Each structure stands twice: as C-alpha cells, then as structure tokens.
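Asker: When you get a sec, could you give me coordinates for this:
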Amino acid sequence: MEIYQGIGLDNKRCQIEDDYAFGDLCINCQTYGLTSMLRLLDIRANWTPTILEHFMEFSNASIPETVNVLVAFIDIQGLRTISDALKDPVKLFSFLDSWAKIVIKEVEGTDGKVLKFIGDECLIVFPDQSADSGIQTLLSAKRKVEKYFKSLGYANKVRITAHYGEAAIGEFGAGTCRNLDVIGETVNTAAGLGRGEHRGQLIISSQAFRKLSPVTRKRFHKYTPPIVYLAEDE
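Answerer: Below is the predicted model of the structure:
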C-alpha cells in the first residue's frame, strides 16, 4: 500500500500525507475509507466507462473522460398499438417497466451500462474492450424482449442501433438528477443510424462491425447506402 501513497500516475506528489493518487487526482484515505481506497488503487490501471462509474461511486467527483465506447439505442416499434390496446396508463406503465427490467437484466450482467430510459427508448453504453460482447448482449436482449411481447399477444419488434467511436463520459446534471451520461458525435451517429429505416432490426455502423469477432460478424449482412450492417433474423 505504501508504494502508491502520495504519487500519481504522472509522478506528481500529493500535498497531504494521507492522500492517495488516482491519475492526477489526490484522494484522502481518511475521508473515503481504506476499503474504498484499496478498490480504487486496484482498478487504477483499467480506465473504462464502467470503472469511471465505480470511481464516482467512491469520490462523488465529476470527471468527464474521452473514451472509445459502443453506444446503442433501443426503442419499441409501434408502441401506439400496444398503448391503444391497453388503454389504461397504469397498465402501459407496468408494461414498459417490465420491458425495461428485461433490458437492464441483460446489460447489467455484463460490463455495459443502461444510462437512461425515456418511455419506450433507452440508451446503453459498453466499454471499448466489450464491443463484441456488447453486440451479442444486444442481440440477446432483442430476442428476449420480443419473446416477452409475443407472450402477451403482441407482434411488436424492437429496433436497435449501435455505433462505435469516441465520446465523453462522466457525471451529468445536478442533485438527485446527477447521473452517468455519454455525450458526443458517436452518440448522435448511433441515434440516427439507418435514418429511421430497417424497422425492427439491429443495425450497426461499419465502425462497430470492425470491432466484432469473425464469429459475430457472420450474424450480419451489409446494406448500402449508407453503409450499415443488419443482424440476420434468428
């Protein structure tokens, strides 16, 4: 433990004896507790969006970082038909809550993160090294969500778009509304991928496709223009 005391990754020394360094930050061990500090030091060399969230859990610091990530959007196609069938907003609320739980369970079992839901849409992010497994997770989530819809008598599909690239990730907002978020052109590209076409499919950009393993690539076919890759129906 002594080896890390007061020394950052750039060899700058902290000003206080009880401070420990994380990157170019100095964090006081007495303030955050020894256990939290040990966990911080253990993960200091693996800076990913998931790690960033863990760090914020300990320090409450706002440290936006530019990282390479896989960003994905999921939305339910034709929600209006379900809403009209249910009629009761409480029933619709329960329906959307159930679909959200399926997505969260799939993603949170990996090192991905569901950042937010807005009704029938959600935003998900996966760290660089998990782009391939992230796409597999999205395929699995799509399959399970649509199976749930079918069990209720609905033929609705979900449309998923995913793009890989650089984005800023960090805490956003204030007070109880301050949460982890991702911002940048990569997010905008993911949101507009396919220009609204290819309803009910999983659509990925060429940048995301290049991050896939040979086995996962076989599940997609190329579509132009513009160039996107669509997952084959199972």
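
Asker: quick one: V182 from E197, how far?
Answerer: Look at V182 and E197: by C-beta to C-beta, to the nearest Å, they are 24 Å apart. To be clear about C-beta, it is placed using only N, CA and C from the backbone, and glycine gets the same treatment.

Asker: likewise D132?
Answerer: Relative to E197, and taking C-beta to C-beta, D132 is found at 25 Å.

Asker: Who has more neighbours out of these two?
Answerer: The neighbour count for D132 versus E197, taken as other C-beta atoms under 10 Å, is higher for D132 (17 against 12).

Asker: does that one count as helix, strand or coil?
Answerer: helix (DSSP: H, G, I helix; E, B strand; the rest coil).

Asker: was I right about it contacting P214?
Answerer: No: the pair D132 and P214 does not pass the contact test of C-beta atoms under 8 Å, sitting 10.1 Å apart.

Asker: domain assignment for this structure?
Answerer: 2-45, 66-231 (automatic domain parsing).

Asker: what is the rounded mean pLDDT of the last one?
Answerer: Across domain 66-231, pLDDT averages out at 93.

Asker: and the most centrally placed residue in the chain, what does it touch?
Answerer: For the chain, the residue nearest the mean C-alpha position is V125 (1.8 Å; C-alpha atoms, centre = their mean). Residues counted as contacts of V125 (C-beta atoms under 8 Å, 6 or more residues apart in numbering) are P49, V69, L70, V71, A72, G112, K113, L115, A167, I169, V182.

Asker: Which of the residues you listed sits closest to W99?
Answerer: Nearest to W99 out of the contacts of V125 is A72 (C-beta to C-beta; 15.4 Å).

Asker: Check the secondary structure at that closest one for me.
Answerer: On the basis of three-state DSSP, A72 is classed as strand.

Asker: what sits opposite the residue nearest to it when sequence neighbours are not counted in the beta ladder?
Answerer: Nearest residue to A72, sequence neighbours excluded (C-beta to C-beta, 6 or more residues apart in numbering): A162, at 4.1 Å. Residues in a beta bridge with A162, per DSSP bridges, are A72, I204.

Asker: again, but for H221
Answerer: L230.

Asker: Would you tell me which one of the domains of the chain is buried the most?
Answerer: domain 66-231 (a mean of 17; mean count of other C-beta atoms under 10 Å).

Asker: Work out the gap between that one and the centre of the chain.
Answerer: Here domain 66-231 is found 9 Å from its chain centre; the criterion is C-alpha atoms, centre = their mean, to the nearest Å.

Asker: distance between the ends of it?
Answerer: Across domain 66-231, the terminal residues are separated by 29 Å (C-alpha to C-alpha, to the nearest Å).

Asker: Would you mind stating the distance between R219 and V103?
Answerer: Distance from R219 to V103, by C-beta to C-beta: 19 Å.

Asker: returning to what we had before: contacting residues for the residue nearest to A72?
Answerer: 70-73, 134-135, 138, 190, 193, 202-205, 208.
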